[in-house]
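Participant: next comes the sequence, and after it the predicted model I'd like to discuss.
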Amino acid sequence: MYLLAEQPYIKVQREVNSIEQINIEHQRMIYLYDEKIVTQNREFPIEDVMDISYRFIGASGGLLYLHTSKGVFSYTVKTSPEQFVKVYKDHMK
């Protein structure tokens, strides 16, 4: 098993108290290996991943989508995942 690419993403944790809501951003990474894709809380065997796509939302980033046999998983990205997606698609040819 070897690393092909990695993509930073953020997980937003919302904390609400009686007077305000606070958003806390946690920096995380998605790792693309030749056999699987790994995030902090999930592992996807590469044969279960049908596609990867992304959509930019404004100038501050967008969403990276992992289309798997178990559903679609979205990840908030602040940098372009174009290279990550390209490496995945080249690997799956």
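Facilitator: That came in fine, so what should we check first? This one's a predicted model, so the numbers in the text were calculated from it and none came from an experiment.

Participant: helix or strand: which one has the residue sitting nearest the centre point of the chain?
Facilitator: With distances taken as C-alpha atoms, centre = their mean, residue 75 lies nearest the centre of the chain, 4.1 Å away. Secondary structure assigned from DSSP states H and E places residue 75 in strand 71-77.

Participant: how far does stretch 65-75 stretch from one end to the other?
Facilitator: 6 Å (C-alpha to C-alpha, to the nearest Å).

Participant: how about residues contacting it?
Facilitator: Residues outside stretch 65-75 that contact it (C-beta atoms under 8 Å, 6 or more residues apart in numbering) are 7, 9, 30, 37, 39, 42, 44, 48-55, 63-64. From N, CA and C alone the C-beta is placed, and that goes for glycine too.

Participant: same question, stretch 7-20
Facilitator: Contact with stretch 7-20 is made by 21-30, 32, 39-40, 64, 75-79, 81, 84, as judged by C-beta under 8 Å, 6+ apart.

Participant: list the buried ones in that stretch?
Facilitator: With burial defined by 16 or more other C-beta atoms under 10 Å, the residues of stretch 7-20 counted as buried are 7, 9.

Participant: go on, stretch 65-75?
Facilitator: Taking 16+ other C-beta under 10 Å as the neighbour-count basis, stretch 65-75 is seen to contain the buried residues 65-66, 68, 73, 75.

Participant: cool, stretch 36-55 as well?
Facilitator: For stretch 36-55, a neighbour-count test (16+ other C-beta under 10 Å) marks 36-39, 44, 49, 52, 54 as buried.

Participant: and which of those is nearest to residue 3?
Facilitator: Of all those, the one with the least separation from residue 3 (C-beta to C-beta) is residue 38, at 9.6 Å.

Participant: now do the contacts for that closest one.
Facilitator: Residue 38 makes contacts with 30-31, 44, as judged by C-beta under 8 Å, 6+ apart.

Participant: just these: which are in strands?
Facilitator: Within the contacts of residue 38, membership in strands is found for 30-31, 44, as judged by DSSP state E.
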